[in-house]
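J.: Fold the following for me, if possible:
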Amino acid sequence: MAVARRVITAADEAWRILGAPLGLPPAFSSPVFVRLAPASEWTRAVPFLAVVEAGGVVTVQIGGAESLPDAAIQRALTRGLLLRLAVWRHGYDERFSLPLWLEHGCVGWWRTRADAAQLDALKQATARAAPPGIAELLTWRRGEREPEARTLGAVWLYEFLRSDGSRAGEWPSFLTRLLRGDEPLAALVAAYPGRFSNSMERELWWVTGWHNLRTARALPTLEAAESRGQLEILSRFVVVVEGRETSPPLDFIITYSKEPFVAEELARRAHVLNGLLPALHPFYRNAGMSLAEILGGTELSATKRAEAGRAFERDWAAARELEDNVKAALDAWDNLSGDTKGRAVF
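T.: Numbering: from 1, shown residues only. All right, here's what the predicted structure looks like:
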């Protein structure tokens, strides 16, 4: 059960972090099934498999998850999620091969968004490295060697194409083409018009983007909605009472902090949140710190616990109000005509 909880937690995190850049729907008609096997029963040469079964059902099989590093679990879940997205958008074609660089790029995006320190580690690892060619990465086939230079380069390529393709929907267009099996270099030309006219300009475009992203002095900051989603899942507990699932308040959970399972879960969530705090959107930074005090304050008195709970509620309400007000202001701005905008700025 401890291994299952670990995988479920990772799956929830994958959906939240990868949902926006991948354009995930609110839900799929059928889930991505994950089947765990103990190491003693796993006979495959690889630690995990992701397969599309009859009817487009996607199943991820993981062997020996109890001893696998987080990166392997993340990669297994990412592969299953991408396959399910491809099936949802285009149906299943047995000739389809999931782009290897995209898998590595999504895992890297996930890790650097979930833990801000991972971005620093990525920058340090590529500080004096030359970027792999963009054609080399895009045509990287499954089954080929996976050198570190390519796996790290795939993370920067994912971020580069996503950030450079946000103006006119270039990135969603490119992703759609990839997931239906289009030839990647041709898909790049079609989805990113006007960026380059030949292979030399294409490489220059990519190298410039690589160095710009790698040298930017900033930690990844989650969007307000992403921060809200992260804190919601970390603050929400589900327990079964008389056969029915219910979500009790945080202070109720803390009263059982001496129970081994509850203590383990609180410690795990506190660890996750402490790594996430630097990346939270400013609107939700105070709420994150209040929640960290609750999750890490298992020795608090009942009075202190109640105070911490009220502080979290106040910070959460303030963050939601800020997010809603800013969204309303931006929506109103978008609805103004060009002349009205000009007068407003003046």
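J.: What ranges does this protein have for its strands?
T.: 33-37, 48-52, 58-63, 239-241, 244-246 (DSSP state E).
J.: Could you identify which of those strands has the lowest mean pLDDT?
T.: Of all the strands of the chain, the minimum mean pLDDT falls on strand 239-241 (a mean of 77).
J.: Can you pull out the residues in contact with it?
T.: Here strand 239-241 makes contact (CB atoms under 8 Å, 6 or more residues apart in numbering) with 245, 246, 247, 248. Any C-beta I mention is one placed from the backbone N, CA and C, and that applies to glycine too.
J.: Which strands border it, and is each parallel or antiparallel?
T.: Within its sheet, and counting by DSSP bridges, strand 239-241 is paired with strand 244-246 (antiparallel).
J.: so where's the protein uncertain?
T.: 217-220, 297-300, 302, 334, 336-346 (pLDDT under 70).
J.: Now do the contacts for residue 103.
T.: If you count contacts by CB under 8 Å, 6+ apart, residue 103 has them with 75, 78, 79, 82, 154.
J.: isn't the second one right next to residue 17, touching?
T.: No. Using CB atoms under 8 Å, residue 78 makes no contact with residue 17, being 10.2 Å away.
J.: which of those two has more neighbours?
T.: Each of residue 78 and residue 17 has its neighbours counted (other CB atoms under 10 Å); residue 78 has more, 26 against 21.
J.: list the buried ones in stretch 64-80?
T.: By 16 or more other CB atoms under 10 Å, the buried positions in stretch 64-80 come out as 64, 65, 68, 72, 73, 74, 75, 76, 77, 78, 79, 80.
J.: CA atoms of that stretch as PDB?
T.: Extracted in PDB, the C-alpha atoms of stretch 64-80 (Å, rounded to 0.1, in the frame of the first residue of the first chain):
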ATOM      1  CA  GLY A  64       9.700  -3.300  -8.400                       C
ATOM      2  CA  ALA A  65       8.400   0.200  -7.800                       C
ATOM      3  CA  GLU A  66       9.400  -0.100  -4.100                       C
ATOM      4  CA  SER A  67      13.000   0.300  -5.100                       C
ATOM      5  CA  LEU A  68      12.700   2.500  -8.200                       C
ATOM      6  CA  PRO A  69      13.800   6.200  -8.000                       C
ATOM      7  CA  ASP A  70      11.200   8.900  -8.400                       C
ATOM      8  CA  ALA A  71      12.500   9.700 -11.900                       C
ATOM      9  CA  ALA A  72      11.600   6.200 -13.100                       C
ATOM     10  CA  ILE A  73       8.100   6.400 -11.700                       C
ATOM     11  CA  GLN A  74       7.600   9.800 -13.200                       C
ATOM     12  CA  ARG A  75       8.700   8.600 -16.600                       C
ATOM     13  CA  ALA A  76       6.400   5.600 -16.500                       C
ATOM     14  CA  LEU A  77       3.400   7.700 -15.600                       C
ATOM     15  CA  THR A  78       4.400  10.300 -18.200                       C
ATOM     16  CA  ARG A  79       4.600   7.700 -21.000                       C
ATOM     17  CA  GLY A  80       1.100   6.400 -20.100                       C
END
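J.: Which one of the contacts of residue 103 is nearest to residue 124?
T.: Nearest to residue 124, judged by CB to CB, of those is residue 154 at 17.2 Å.
J.: picking up where we left off before, now the strands of the chain as a markdown table including mean neighbour count and distance to residue 182?
T.: Shown next, in a markdown table, are the strands of the chain (neighbours: other CB atoms under 10 Å; distance: least, CB to CB, whole Å):
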| stretch | mean neighbour count | distance to residue 182 |
| --- | --- | --- |
| strand 33-37 | 16 | 28 |
| strand 48-52 | 18 | 18 |
| strand 58-63 | 22 | 21 |
| strand 239-241 | 10 | 46 |
| strand 244-246 | 8 | 43 |
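J.: a markdown table please, covering those and showing distance to residue 230.
T.: What follows is those, written out as a markdown table (distance: least, CB to CB, whole Å):
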| stretch | distance to residue 230 |
| --- | --- |
| strand 33-37 | 21 |
| strand 48-52 | 25 |
| strand 58-63 | 23 |
| strand 239-241 | 21 |
| strand 244-246 | 22 |
